[in-house]
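Peer 1: have a look; sequence and predicted model below, questions after that.
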Amino acid sequence: DGIGDANDVWKIVISGGRDGDEVQTVKSKLILVHYLQACALTTTGKQLPKWGYEQQEVACNPNLRDKNALWNVEDNIFEDLPKVSFEAYASGFVERFFESHAVMFQGNAGLKPKEGEVTSQPWQWPINYRGQFFSGSGHRIYLLGNPIVWWGNLVFLGIFFVVYVINSIREKRAEAFGRPLPSGKSQELLNAAGWTFVGWALHYVPFWAMGRVLYFHHYFPALVFSSMLTGILTEYLLSSIRSYLSAEIGKTAYHCILGLIMSTTVYSFYLFSPLAYGMNGPLANEPNSTMAGLKWLDSWEF
(Lines give C-alpha, C1' and ligand atoms only; values in the text may rest on other atoms or scores of the structure.)
Protein backbone atom coordinates (compact mmCIF):
# COMPACT_ATOMS: atom_id res chain seq x y z
CA ASP A 1 0.00 0.00 0.00
CA GLY A 2 3.08 2.23 -0.06
CA ILE A 3 2.91 2.89 3.71
CA GLY A 4 5.14 0.07 5.00
CA ASP A 5 5.80 -0.89 8.61
CA ALA A 6 8.63 -1.21 11.12
CA ASN A 7 10.29 -3.94 9.02
CA ASP A 8 11.11 -1.31 6.39
CA VAL A 9 13.25 0.77 8.76
CA TRP A 10 17.03 0.57 8.34
CA LYS A 11 19.77 2.49 10.11
CA ILE A 12 22.65 3.83 8.01
CA VAL A 13 26.01 3.51 9.79
CA ILE A 14 29.21 4.96 8.31
CA SER A 15 32.03 2.45 8.74
CA GLY A 16 34.82 4.10 10.71
CA GLY A 17 32.70 7.22 11.20
CA ARG A 18 30.81 8.85 14.06
CA ASP A 19 27.20 9.80 14.64
CA GLY A 20 26.37 12.94 12.72
CA ASP A 21 28.97 12.47 9.97
CA GLU A 22 27.72 13.25 6.47
CA VAL A 23 27.40 10.49 3.90
CA GLN A 24 29.71 11.19 0.95
CA THR A 25 29.26 9.75 -2.52
CA VAL A 26 31.74 6.95 -3.29
CA LYS A 27 34.00 7.77 -0.33
CA SER A 28 31.73 6.69 2.55
CA LYS A 29 31.49 2.97 3.33
CA LEU A 30 28.01 2.31 4.66
CA ILE A 31 26.49 -0.47 6.77
CA LEU A 32 22.71 -0.90 6.50
CA VAL A 33 21.49 -2.21 9.87
CA HIS A 34 17.91 -3.46 10.23
CA TYR A 35 16.28 -1.51 13.05
CA LEU A 36 14.34 -4.43 14.60
CA GLN A 37 16.56 -7.44 13.78
CA ALA A 38 19.92 -5.69 14.41
CA CYS A 39 21.48 -7.42 11.40
CA ALA A 40 23.48 -5.98 8.49
CA LEU A 41 22.44 -6.21 4.85
CA THR A 42 25.10 -8.33 3.13
CA THR A 43 25.78 -10.49 0.10
CA THR A 44 26.08 -14.26 0.44
CA GLY A 45 28.42 -14.64 -2.53
CA LYS A 46 25.86 -16.76 -4.37
CA GLN A 47 24.47 -15.79 -7.75
CA LEU A 48 20.73 -15.76 -8.33
CA PRO A 49 19.26 -17.70 -11.29
CA LYS A 50 17.95 -15.97 -14.41
CA TRP A 51 14.73 -14.96 -12.69
CA GLY A 52 16.91 -12.80 -10.43
CA TYR A 53 18.85 -11.42 -13.43
CA GLU A 54 21.93 -13.34 -12.16
CA GLN A 55 22.53 -10.68 -9.49
CA GLN A 56 24.11 -11.37 -6.10
CA GLU A 57 21.91 -12.87 -3.40
CA VAL A 58 21.45 -10.65 -0.32
CA ALA A 59 20.70 -11.58 3.28
CA CYS A 60 20.80 -10.07 6.76
CA ASN A 61 23.81 -11.07 8.86
CA PRO A 62 23.86 -10.59 12.67
CA ASN A 63 27.63 -10.13 12.35
CA LEU A 64 27.89 -6.38 11.79
CA ARG A 65 31.61 -6.75 10.97
CA ASP A 66 30.94 -8.79 7.83
CA LYS A 67 33.24 -7.47 5.08
CA ASN A 68 30.51 -8.12 2.51
CA ALA A 69 28.15 -5.79 4.38
CA LEU A 70 29.90 -2.61 3.24
CA TRP A 71 28.06 -0.49 0.67
CA ASN A 72 28.59 2.88 -0.96
CA VAL A 73 26.60 5.39 -2.98
CA GLU A 74 27.95 5.66 -6.52
CA ASP A 75 25.46 8.16 -7.91
CA ASN A 76 23.10 10.65 -6.28
CA ILE A 77 20.86 12.97 -8.31
CA PHE A 78 19.37 15.84 -6.30
CA GLU A 79 19.03 19.31 -7.78
CA ASP A 80 19.47 21.16 -4.46
CA LEU A 81 22.90 19.61 -3.82
CA PRO A 82 26.02 21.48 -5.03
CA LYS A 83 27.73 20.12 -8.13
CA VAL A 84 30.95 18.23 -7.39
CA SER A 85 33.64 17.43 -9.95
CA PHE A 86 34.61 13.80 -10.41
CA GLU A 87 38.22 14.88 -9.98
CA ALA A 88 37.54 15.16 -6.25
CA TYR A 89 37.19 11.38 -6.12
CA ALA A 90 40.12 10.54 -8.40
CA SER A 91 42.62 8.18 -6.76
CA GLY A 92 46.36 8.02 -7.36
CA PHE A 93 48.14 5.56 -9.65
CA VAL A 94 49.34 3.25 -6.86
CA GLU A 95 45.89 3.10 -5.28
CA ARG A 96 44.24 2.36 -8.63
CA PHE A 97 46.86 -0.30 -9.42
CA PHE A 98 46.28 -2.29 -6.22
CA GLU A 99 42.52 -1.76 -6.33
CA SER A 100 42.20 -3.00 -9.93
CA HIS A 101 44.26 -6.12 -9.20
CA ALA A 102 42.28 -6.82 -6.03
CA VAL A 103 39.01 -6.50 -7.96
CA MET A 104 40.29 -8.78 -10.74
CA PHE A 105 41.47 -11.37 -8.22
CA GLN A 106 38.17 -11.26 -6.33
CA GLY A 107 36.16 -11.44 -9.56
CA ASN A 108 38.17 -14.39 -10.86
CA ALA A 109 37.89 -16.27 -7.58
CA GLY A 110 34.11 -15.81 -7.55
CA LEU A 111 33.39 -17.12 -11.05
CA LYS A 112 31.10 -20.15 -10.92
CA PRO A 113 29.98 -22.49 -13.73
CA LYS A 114 26.65 -21.83 -15.37
CA GLU A 115 23.96 -24.46 -15.56
CA GLY A 116 24.88 -27.24 -18.01
CA GLU A 117 28.34 -25.78 -18.69
CA VAL A 118 31.29 -28.14 -19.20
CA THR A 119 34.28 -27.32 -16.99
CA SER A 120 37.65 -29.00 -16.47
CA GLN A 121 40.47 -29.41 -13.96
CA PRO A 122 44.19 -28.59 -14.34
CA TRP A 123 45.33 -32.22 -14.25
CA GLN A 124 43.28 -32.91 -17.41
CA TRP A 125 44.96 -30.29 -19.60
CA PRO A 126 48.50 -31.63 -20.27
CA ILE A 127 47.19 -35.15 -21.02
CA ASN A 128 44.41 -33.85 -23.30
CA TYR A 129 41.87 -35.78 -21.24
CA ARG A 130 38.73 -34.02 -22.44
CA GLY A 131 37.81 -31.26 -24.88
CA GLN A 132 34.89 -28.86 -24.96
CA PHE A 133 31.97 -28.46 -27.34
CA PHE A 134 31.53 -25.05 -28.92
CA SER A 135 28.58 -25.94 -31.09
CA GLY A 136 25.84 -28.53 -30.88
CA SER A 137 24.00 -27.68 -34.08
CA GLY A 138 24.19 -29.41 -37.47
CA HIS A 139 27.97 -28.95 -37.68
CA ARG A 140 29.53 -29.80 -34.32
CA ILE A 141 32.75 -28.02 -33.31
CA TYR A 142 34.79 -29.68 -30.56
CA LEU A 143 37.75 -27.93 -28.93
CA LEU A 144 40.39 -30.61 -28.44
CA GLY A 145 44.15 -30.48 -28.46
CA ASN A 146 46.05 -32.19 -31.26
CA PRO A 147 47.02 -35.41 -29.43
CA ILE A 148 50.34 -35.73 -31.29
CA VAL A 149 51.36 -32.23 -30.19
CA TRP A 150 49.87 -32.50 -26.68
CA TRP A 151 51.34 -35.88 -25.79
CA GLY A 152 54.59 -35.06 -27.57
CA ASN A 153 54.95 -31.97 -25.39
CA LEU A 154 54.24 -34.07 -22.30
CA VAL A 155 56.97 -36.57 -23.25
CA PHE A 156 59.47 -33.79 -23.88
CA LEU A 157 58.71 -32.24 -20.48
CA GLY A 158 59.88 -35.54 -18.98
CA ILE A 159 62.89 -35.71 -21.32
CA PHE A 160 63.88 -32.18 -20.33
CA PHE A 161 63.97 -33.17 -16.66
CA VAL A 162 66.22 -36.17 -17.44
CA VAL A 163 68.53 -34.13 -19.70
CA TYR A 164 68.74 -31.33 -17.13
CA VAL A 165 69.72 -33.74 -14.33
CA ILE A 166 72.32 -35.51 -16.50
CA ASN A 167 73.82 -32.21 -17.67
CA SER A 168 73.96 -30.88 -14.09
CA ILE A 169 75.84 -34.01 -12.96
CA ARG A 170 78.27 -33.65 -15.87
CA GLU A 171 78.93 -30.02 -14.97
CA LYS A 172 79.57 -30.85 -11.31
CA ARG A 173 81.95 -33.69 -12.23
CA ALA A 174 83.79 -31.48 -14.73
CA GLU A 175 84.21 -28.72 -12.13
CA ALA A 176 85.42 -31.25 -9.56
CA PHE A 177 88.18 -32.36 -11.94
CA GLY A 178 89.03 -28.77 -12.84
CA ARG A 179 87.87 -29.10 -16.44
CA PRO A 180 84.64 -27.09 -16.85
CA LEU A 181 82.51 -27.94 -19.87
CA PRO A 182 82.88 -25.50 -22.78
CA SER A 183 79.87 -23.31 -23.46
CA GLY A 184 78.51 -23.69 -26.97
CA LYS A 185 75.32 -24.15 -28.96
CA SER A 186 74.18 -27.13 -26.86
CA GLN A 187 74.47 -25.15 -23.63
CA GLU A 188 72.61 -22.20 -25.16
CA LEU A 189 69.79 -24.50 -26.27
CA LEU A 190 69.59 -26.08 -22.83
CA ASN A 191 69.44 -22.66 -21.16
CA ALA A 192 66.66 -21.60 -23.54
CA ALA A 193 64.79 -24.83 -22.79
CA GLY A 194 65.10 -24.06 -19.08
CA TRP A 195 63.51 -20.63 -19.51
CA THR A 196 60.63 -22.05 -21.54
CA PHE A 197 60.09 -24.66 -18.82
CA VAL A 198 59.87 -21.85 -16.25
CA GLY A 199 57.37 -20.06 -18.51
CA TRP A 200 55.27 -23.22 -18.80
CA ALA A 201 55.27 -23.72 -15.03
CA LEU A 202 54.33 -20.09 -14.29
CA HIS A 203 51.39 -20.26 -16.70
CA TYR A 204 50.16 -23.68 -15.54
CA VAL A 205 50.93 -24.36 -11.86
CA PRO A 206 48.95 -21.37 -10.39
CA PHE A 207 45.69 -22.88 -11.70
CA TRP A 208 46.02 -25.67 -9.12
CA ALA A 209 45.48 -23.10 -6.35
CA MET A 210 42.50 -21.36 -7.98
CA GLY A 211 39.01 -21.89 -6.62
CA ARG A 212 37.27 -20.36 -9.64
CA VAL A 213 35.66 -22.23 -12.52
CA LEU A 214 38.26 -23.46 -15.03
CA TYR A 215 38.06 -24.32 -18.71
CA PHE A 216 40.21 -26.22 -21.19
CA HIS A 217 41.38 -23.06 -22.95
CA HIS A 218 43.11 -21.80 -19.79
CA TYR A 219 46.00 -24.15 -20.63
CA PHE A 220 46.71 -22.54 -24.00
CA PRO A 221 49.28 -19.92 -22.78
CA ALA A 222 51.23 -22.70 -21.03
CA LEU A 223 50.92 -24.81 -24.19
CA VAL A 224 52.83 -22.17 -26.16
CA PHE A 225 55.79 -22.51 -23.79
CA SER A 226 55.69 -26.32 -23.75
CA SER A 227 55.62 -26.34 -27.57
CA MET A 228 58.66 -24.04 -27.66
CA LEU A 229 60.36 -26.35 -25.16
CA THR A 230 59.66 -29.31 -27.45
CA GLY A 231 61.15 -27.51 -30.46
CA ILE A 232 64.27 -26.38 -28.59
CA LEU A 233 64.85 -29.78 -27.01
CA THR A 234 64.35 -31.51 -30.38
CA GLU A 235 67.10 -29.34 -31.85
CA TYR A 236 69.30 -30.08 -28.81
CA LEU A 237 68.86 -33.86 -29.11
CA LEU A 238 69.34 -33.91 -32.89
CA SER A 239 72.48 -31.79 -32.62
CA SER A 240 73.82 -34.10 -29.90
CA ILE A 241 73.16 -37.19 -32.04
CA ARG A 242 74.69 -35.49 -35.07
CA SER A 243 77.92 -34.81 -33.17
CA TYR A 244 78.53 -38.56 -32.76
CA LEU A 245 78.18 -39.26 -36.50
CA SER A 246 80.19 -38.33 -39.54
CA ALA A 247 79.36 -35.03 -41.22
CA GLU A 248 77.50 -36.58 -44.16
CA ILE A 249 75.58 -39.20 -42.17
CA GLY A 250 74.80 -36.72 -39.40
CA LYS A 251 73.39 -34.20 -41.87
CA THR A 252 71.23 -36.87 -43.55
CA ALA A 253 69.94 -38.23 -40.23
CA TYR A 254 69.20 -34.71 -38.99
CA HIS A 255 67.07 -33.80 -42.00
CA CYS A 256 65.31 -37.19 -42.15
CA ILE A 257 64.26 -37.11 -38.49
CA LEU A 258 63.23 -33.45 -38.72
CA GLY A 259 61.20 -34.16 -41.85
CA LEU A 260 59.50 -37.11 -40.16
CA ILE A 261 58.52 -34.96 -37.17
CA MET A 262 57.14 -32.16 -39.35
CA SER A 263 55.21 -34.49 -41.67
CA THR A 264 53.69 -36.33 -38.68
CA THR A 265 52.57 -33.02 -37.18
CA VAL A 266 51.03 -31.82 -40.45
CA TYR A 267 49.25 -35.15 -41.02
CA SER A 268 47.85 -35.13 -37.48
CA PHE A 269 46.39 -31.68 -38.16
CA TYR A 270 44.75 -32.96 -41.33
CA LEU A 271 43.45 -36.02 -39.48
CA PHE A 272 41.75 -34.08 -36.68
CA SER A 273 40.75 -30.99 -38.69
CA PRO A 274 37.02 -31.96 -38.77
CA LEU A 275 36.88 -31.26 -35.02
CA ALA A 276 37.82 -27.64 -35.66
CA TYR A 277 36.05 -27.03 -38.97
CA GLY A 278 32.84 -28.82 -38.06
CA MET A 279 31.54 -32.42 -37.93
CA ASN A 280 28.18 -33.76 -38.98
CA GLY A 281 26.55 -37.16 -39.03
CA PRO A 282 26.73 -39.86 -36.33
CA LEU A 283 28.86 -39.45 -33.20
CA ALA A 284 32.23 -41.19 -32.99
CA ASN A 285 30.91 -43.98 -30.72
CA GLU A 286 28.55 -45.18 -33.46
CA PRO A 287 29.91 -47.85 -35.86
CA ASN A 288 29.05 -46.00 -39.09
CA SER A 289 30.66 -42.72 -38.00
CA THR A 290 33.51 -41.31 -40.07
CA MET A 291 35.11 -40.09 -36.81
CA ALA A 292 35.09 -43.48 -35.05
CA GLY A 293 38.78 -44.13 -35.60
CA LEU A 294 39.76 -40.77 -34.15
CA LYS A 295 38.28 -41.29 -30.71
CA TRP A 296 41.50 -42.45 -29.08
CA LEU A 297 40.24 -41.86 -25.53
CA ASP A 298 36.82 -42.72 -24.13
CA SER A 299 36.74 -39.34 -22.38
CA TRP A 300 36.64 -37.52 -25.73
CA GLU A 301 33.03 -36.57 -26.39
CA PHE A 302 32.67 -36.16 -30.13
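Peer 2: On my side now, so go ahead.
Peer 1: going by C-alpha atoms from here, please, whenever you check contacts or count neighbours.
Peer 2: Fine.
Peer 1: low-confidence regions, the stretch 201-302 of the chain specifically.
Peer 2: Applying pLDDT under 70 to the stretch 201-302 of the chain flags no residue at all.
Peer 1: residues near residue 126, how many?
Peer 2: By other C-alpha atoms under 10 Å, the residues close to residue 126 number 19.
Peer 1: mind telling me what element it is part of?
Peer 2: Remark: residue 126 resides in no helix or strand, with elements defined by DSSP states H and E.
Peer 1: how close does it sit to residue 264?
Peer 2: 20 Å (C-alpha to C-alpha, to the nearest Å).
Peer 1: residue 164 now?
Peer 2: Taking C-alpha to C-alpha, one finds residue 164 at 27 Å from residue 264.
Peer 1: these two touch, right, residue 281 and residue 289?
Peer 2: Yes: counting by C-alpha atoms under 8 Å, residue 289 is a contact partner of residue 281 at 7.0 Å.
Peer 1: what about residue 42, which SS state?
Peer 2: Under DSSP: H, G, I helix; E, B strand; the rest coil, the three-state class of residue 42 is strand.
Peer 1: my bad, residue 133
Peer 2: From three-state DSSP, the assignment for residue 133 is strand.
Peer 1: my read is that it contacts residue 215, right?
Peer 2: No: counting by C-alpha under 8 Å, residue 133 sits too far from residue 215 to count as a contact (11.3 Å).
Peer 1: what does the strand or helix carrying residue 187 rub up against?
Peer 2: Element membership of residue 187, judged by DSSP H and E, is helix 185-204. Here helix 185-204 makes contact (C-alpha atoms under 8 Å, 6 or more residues apart in numbering) with 122, 157, 160, 164, 219, 221-226, 228-229, 232-233, 235-236, 239-240.
Peer 1: now those: which count as buried?
Peer 2: 122, 157, 160, 164, 219, 222-223, 225-226, 228-229, 232-233, 235-236, 239 (16 or more other C-alpha atoms under 10 Å).
Peer 1: closest one of those to residue 271?
Peer 2: Of all the buried ones among the contacts of helix 185-204, residue 271 sits closest to residue 223, with 20.4 Å by C-alpha to C-alpha.
Peer 1: the residue lying closest to the closest one once chain neighbours are set aside: neighbour count?
Peer 2: In this structure, residue 223 finds its nearest non-sequential neighbour in residue 200, 7.1 Å apart by C-alpha to C-alpha, 6 or more residues apart in numbering. Here the count is done by other C-alpha under 10 Å, and residue 200 has 22 residues near it.
Peer 1: let me see the confidence value for residue 200.
Peer 2: pLDDT for residue 200: 93.
Peer 1: give me the pLDDT value at the nearest residue to residue 233 once chain neighbours are set aside.
Peer 2: Excluding its sequence neighbours, the residue lying closest to residue 233 (C-alpha to C-alpha, 6+ apart) is residue 193, at 6.5 Å. Here, the pLDDT recorded for residue 193 equals 88.
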